[in-house]
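[1] Build me a model:
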Amino acid sequence: MTNKENELYDGTLDQIADAVHQNAVAHGFHPKDQSVADFLNYQLMNLIEEISELHSSWRHGKFNEPCDKTHMLINVGLPVLTCAEEEYADIVIRALDQCRRLKINISRAVAIKHMLNITRPYRHGDKLS
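    Alright, predicted model coming up:
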């Protein structure tokens, strides 16, 4: 692993959420005059779009192929990601950014929800997924 990669992987979920949110603010994705309602309307649709892009990469047989940002990653000295890796990363990044904006302690929420899921029966509700 390179030093740049170590910097990326080092940190708790909360630290990554802080960094993601700070970057989004610095790049203009959180205008100061934007209401929470306007933010959610815009950002929740962006999250849905990232999920749609992930699904599209799977449907088109590109899930494990290099993503369309390959040249950008190489140009800044980062490893190439597959379409699946890039889209899952986008989903997580957008979710973490939204959690910070909304002051949600995502580490706590994930831990509590996971603890609940452990107590649930096999395929609770006869769900297939």
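
[2] what sits up against the longest helix along the chain?
    The single longest helix within the chain, with elements called by DSSP state H, is helix 36-59. Identification of contacts with helix 36-59 by CB atoms under 8 Å, 6 or more residues apart in numbering yields 30, 63, 65, 83-84, 87-88, 90-91, 94-95, 97-98, 101-102. C-beta coordinates here come from the backbone N, C-alpha and C atoms, glycine included.

[3] Report how many residues lie close to the closest residue in space to I93 that isn't next to it in sequence.
    Using CB to CB, 6 or more residues apart in numbering and skipping the chain neighbours, the partner closest in space to I93 is V20 (5.2 Å). Neighbours of V20 under the rule other CB atoms under 10 Å: 19.

[4] Same check on the one 3 residues further on?
    Residues near N23, counting by other CB under 10 Å, number 12.

[5] which residues does it contact?
    Applying CB under 8 Å, 6+ apart, no residues contact N23.

[6] now, which of the contacts of helix 36-59 lie within helices?
    C83, A84, E87, Y88, D90, I91, R94, A95, D97, Q98, R101.

[7] how about low-confidence regions in this structure?
    1-10, 127-129 (pLDDT under 70).

[8] Quick check, central residue of it?
    Closest residue to the average C-alpha location of the chain: V92 at 1.3 Å, with CA atoms, centre = their mean.

[9] Quickly note the distance from that one to C99.
    Note on V92: its distance to C99, by CB to CB, to the nearest Å, is 10 Å.
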